[in-house]
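In: Fold the following.
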Amino acid sequence: MLDRRRESLSHFIWRTHYRDAQAVPPEQDIEGTWDRVARSVASIEPHSGPWQRSFRALLEGYRFLPAGRILAGAGVARQVTLANCFVMGLIDDSLPGIFEALKEGALTMQQGGGVGYDFSTLRPRGSGARTTGMIASGPVSFLRVWDAMCATLLSTGARRGAMMATLRCDHPDIEEFIAAKQAPGSLTHFNLSILITDAFMKAMRANAPWPLVFPRGADDTGTSDTLERPWSGSTAPVVCRIWKTVSARELWRQMCASAHRSAEPGVLFIDRVNAENNLGYAETLSATNPCAEEPLPPYGACNLGSLNLTAFVLDPFTSSARLDQSALRDCARGAVRFLDDVIEISGFPLPRQQLEAHRSRRIGLGITGLADALAMLGLRYDGEDARRVAAEMMRAVRDAAYQVSVDLARERGPFPLFDAQRYGSRPFIQRLPGSIQAAIRQHGIRNSHLLAVAPAGTISLLADNVSSGIEPIHR
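Out: Just a heads-up that it's a prediction; the model follows:
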């Protein structure tokens, strides 16, 4: 029997998070978990044996770390999703619509997925309800309903839930949203982020007035001033009623002061997000997963994995220390195929989540252990040489990932939403090497998006406590 007084941190994380204790016989060590995961992911390959061995080699020595839901759920008997998290559908501004969205969130979290929502579609506090004549309580009040749902699910033994709520910077309830987590114990299951637009930043720099607005409904017959604004769920600007006008700079000061005081809310520069979206021609993004590494469309899923950079440093802590870029590229290629296969074997709590996952085939391959790898190379985290080497690492991962996705498109076909002309004109694609751009035009690409650097907290602890994601080593 294990003497837990001498149990390593890595073994503890494996035993409490990823071990399949219901297997017959129960898994005895991390090698058994790697065997199960590799066997399950390779099961959809026409020739599964060689790919099972290839995937198993990726996992050996913690070189490639699939996200926690994959490690815990691939090949087990329980009904779970292999996606760590989701962005949910836009919330219809009606009581049935709100509670339908709540139900979808509960079903998703029941299977282990975190959820993100854009609450901008809910009318502000104090406005008239459409059918009953009652007064709306505003989006922040419904955050508390979601928070209570999450706490209730936790009481049943479900995986610890995480949620993200976003709200537009011009929503009339934005000041209440900024202050929503300042009281200790408030909305403990939520991360909050404000959708910051280019127009707001321009107004803030100019110290200009900033109108807070909400789309004017068919039953809104008031004579208030209006203006047109882009809005969540609309593909074109909509007519909005001006509720009040505030100082853009003062609103920014409130955001900064709250973030300094309570680390909430974060900010998402949403116009930049949409401008850089590879699928900007097919979708508009207004929310992220709970940790915010991946902006997603309604019902989009996170299919994540991280390359452990410390595994690719040769002769660490010596004058001849160097990065094995060839091995890093090879591992990235294998990880892309692995994550593409995960889409096929994963269950999804909702049919619309499965549809979205298959039509875009998004994956999120990232890195972890950056700070430790730089230290092993003899580089200061904040130095110019470290930034240059980090850029080289990510460039190698990016190019390998996009090239192998083209190869997969030749083998399996491109993702269903692929449009050669429109996809090829997106800004991120335009920054790829010319040879990869030409290959995409000729053959298509299997996955619409390939890269996402997650916090990778628990899987980094599993990998002998390497530094998490791209974060520095904190004392």
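
In: Do you have the strands of the stretch 1-150 of the chain handy? List them.
Out: For the stretch 1-150 of the chain, the strands defined by DSSP state E, counting those that start in this stretch cover 64-66, 85-87, 114-118.

In: List the pairing partners of the last one within its sheet, with orientation.
Out: For strand 114-118, the paired strands and their directions (DSSP bridges) are strand 85-87 (parallel), strand 163-168 (parallel).

In: So which residues make contact with the first one?
Out: Right, the one you point to is strand 85-87. Strand 85-87 is contacted by residues 108, 113-117, 162, 287-291, 294-302, 353 when judged by CB atoms under 8 Å, 6 or more residues apart in numbering. Quick note: C-beta positions are derived from backbone N, CA and C, even for glycine.

In: how much space is there between residue 76 and residue 29?
Out: Remark: distance between residue 76 and residue 29 (CB to CB, to the nearest Å) = 16 Å.

In: the more surrounded of these two?
Out: When neighbours are counted by other CB atoms under 10 Å, residue 76 and residue 29 differ, and residue 76 comes out ahead with 16 against 12.

In: Phi first, then psi, for the more buried one.
Out: phi -90, psi 170 (degrees, to the nearest 10).

In: At which residues are the strands of the stretch 351-475 of the chain located?
Out: Counting by DSSP E, counting those that start in this stretch, residue ranges of the strands within the stretch 351-475 of the chain are 364-368.

In: Isn't residue 79 up against residue 347?
Out: Yes. The pair residue 79 and residue 347 passes the contact test of CB atoms under 8 Å, sitting 6.3 Å apart.

In: which residues do these two both contact?
Out: Shared contacts of residue 79 and residue 347 (CB under 8 Å, 6+ apart): residue 111.

In: which of the two has more neighbours?
Out: residue 347 (14 against 11).

In: Next one: that one, what pLDDT does it get?
Out: If you check residue 347, the pLDDT there is 94.

In: Not counting its neighbours along the chain, what's nearest it?
Out: residue 81 (5.5 Å; CB to CB, 6 or more residues apart in numbering).

In: who are the neighbours in contact with the closest residue to residue 381 other than its chain neighbours?
Out: The shortest distance from residue 381 to any non-neighbouring residue, by CB to CB, 6+ apart, is to residue 472 (4.9 Å). By CB under 8 Å, 6+ apart, the residues touching residue 472 are 371, 381, 382.

In: Let me see the contact set for the first one.
Out: For residue 371, the contacting residues are 381, 467, 470, 471, 472, 473, taking CB under 8 Å, 6+ apart as the criterion.

In: That one and residue 394: what is the separation?
Out: Distance from residue 371 to residue 394, counting by CB to CB: 14 Å.

In: With the second one instead?
Out: According to CB to CB, residue 381 and residue 394 sit 15 Å apart.

In: before we move on, what about the last one?
Out: From residue 382 over to residue 394 the distance is 17 Å, taken as CB to CB.

In: Please enumerate residues in contact with stretch 330-344?
Out: Residues outside stretch 330-344 that contact it (CB under 8 Å, 6+ apart): 41-42, 44-45, 51, 54-55, 57-58, 63-64, 66, 70, 74, 82, 303-305, 307, 312, 357-358, 361, 363-365, 396-397, 400-401, 403-405, 408, 412, 446-447, 450.

In: Helix, strand, or coil at residue 212?
Out: Taken by DSSP: H, G, I helix; E, B strand; the rest coil, the conformation at residue 212 corresponds to strand.

In: excluding its backbone neighbours, what's nearest it?
Out: Across the structure, with CB to CB, 6+ apart as the measure, the residue nearest residue 212 apart from its sequence neighbours is residue 172 (4.4 Å).

In: tell me, how many neighbours does that neighbour end up with?
Out: Taking other CB under 10 Å as the definition, residue 172 ends up with a neighbour count of 24.

In: when you give positions from now on, start the count at 49
Out: In the new numbering, first residue 49, that becomes residue 220.

In: Just the pLDDT at the nearest residue to residue 454 once chain neighbours are set aside, thanks.
Out: The spatially closest residue to residue 454, leaving aside those adjacent along the chain, is residue 487, at 4.5 Å (CB to CB, 6+ apart). Listed pLDDT for residue 487 reads 99.

In: Pretty sure residue 487 sits against residue 447.
Out: No. Using CB under 8 Å, residue 487 makes no contact with residue 447, being 11.2 Å away.

In: More neighbours: the two, which one.
Out: Residue environment comparison for residue 487 versus residue 447 gives the larger neighbour count to residue 487, 20 against 16, counting by other CB under 10 Å.

In: ok, the more buried one to residue 453 distance?
Out: The spacing between residue 487 and residue 453, counted by CB to CB, is 10 Å.

In: Please enumerate the strands of the stretch 249-398 of the chain.
Out: When assigned using DSSP E, counting those that start in this stretch, the strands of the stretch 249-398 of the chain occupy the ranges 257-263, 274-277, 286-295, 314-317, 335-336, 343-344, 349-350, 352-356, 361-362, 370-371.

In: can you redo those as a markdown table with mean neighbour count and distance to residue 190?
Out: As requested, those are arranged in a markdown table below (neighbours: other CB atoms under 10 Å; distance: least, CB to CB, whole Å):
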| stretch | mean neighbour count | distance to residue 190 |
| --- | --- | --- |
| strand 257-263 | 21 | 15 |
| strand 274-277 | 15 | 22 |
| strand 286-295 | 16 | 18 |
| strand 314-317 | 18 | 20 |
| strand 335-336 | 28 | 15 |
| strand 343-344 | 24 | 21 |
| strand 349-350 | 28 | 23 |
| strand 352-356 | 27 | 28 |
| strand 361-362 | 16 | 48 |
| strand 370-371 | 16 | 48 |
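
In: Setting aside sequence neighbours, what's the nearest residue to the residue nearest the centre of the chain?
Out: In the chain, the C-alpha closest to the average C-alpha coordinate belongs to residue 342, at a distance of 3.1 Å (CA atoms, centre = their mean). Nearest in space to residue 342, with sequence neighbours left out and distances taken as CB to CB, 6+ apart, is residue 500 at 4.7 Å.
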